[in-house]
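> Next input, structure requested:
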Amino acid sequence: MLLSRSLPLIRSALLKPKNAATPKVSVRNSGDGFRYRNMGDPPGSEAIERATDISFTLFWYWVCYHTITKYDHLTGEFPWPDASQWTDEELGVPPDDYEPPNRA
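Prediction:
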């Protein structure tokens, strides 16, 4: 079985023409360094990078500070109502002796 599967591969390798045109890949000289999976050096100056670091720091400081000191903004301004204290009338529940109308 191995021989029967490898015969077409061997045949194509032996019968390959000697003057076959090889594909030519043009070289692109765009003047920039090679970058495949990374972005390389970030564009811009070091001052812009420092300004963004400072703004990120101030933002997260503000968020964390207000989360710790003013957590009422997250949990709500008013206390949660106790649902066990609600009456059936407030909830819209009909009384026990209520008979629905006959729709016939």
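
> other SSEs contacting the top helix by length along the chain?
Longest helix in the chain, counting residues (DSSP state H): helix 46-69. In terms of contacts (3 or more CB pairs under 8 Å, 6 or more residues apart in numbering; DSSP states H and E), helix 46-69 is packed against no helix or strand at all. For every residue, glycine as well, the C-beta is placed using N, CA and C.

> Show me what the mean pLDDT comes to for that helix.
Mean pLDDT, helix 46-69: 94.

> then whichever helix or strand comes after it to PDB, C-alphas only?
Sequence-wise, the next helix or strand downstream of helix 46-69 (DSSP states H and E) is helix 72-75. C-alpha atoms of helix 72-75 as PDB (Å, rounded to 0.1, in the frame of the first residue of the first chain):
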ATOM      1  CA  ASP A  72     -23.300  53.800  47.200                       C
ATOM      2  CA  HIS A  73     -22.900  54.800  43.500                       C
ATOM      3  CA  LEU A  74     -22.700  51.100  42.700                       C
ATOM      4  CA  THR A  75     -25.100  49.600  45.200                       C
END
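
> quick one: average pLDDT of the next helix-or-strand element following helix 72-75?
Later in the chain than helix 72-75, the nearest helix or strand by DSSP H and E is helix 88-91. Helix 88-91 comes out with an average pLDDT of 89.

> Assign L7 to helix, strand or coil.
helix (DSSP: H, G, I helix; E, B strand; the rest coil).
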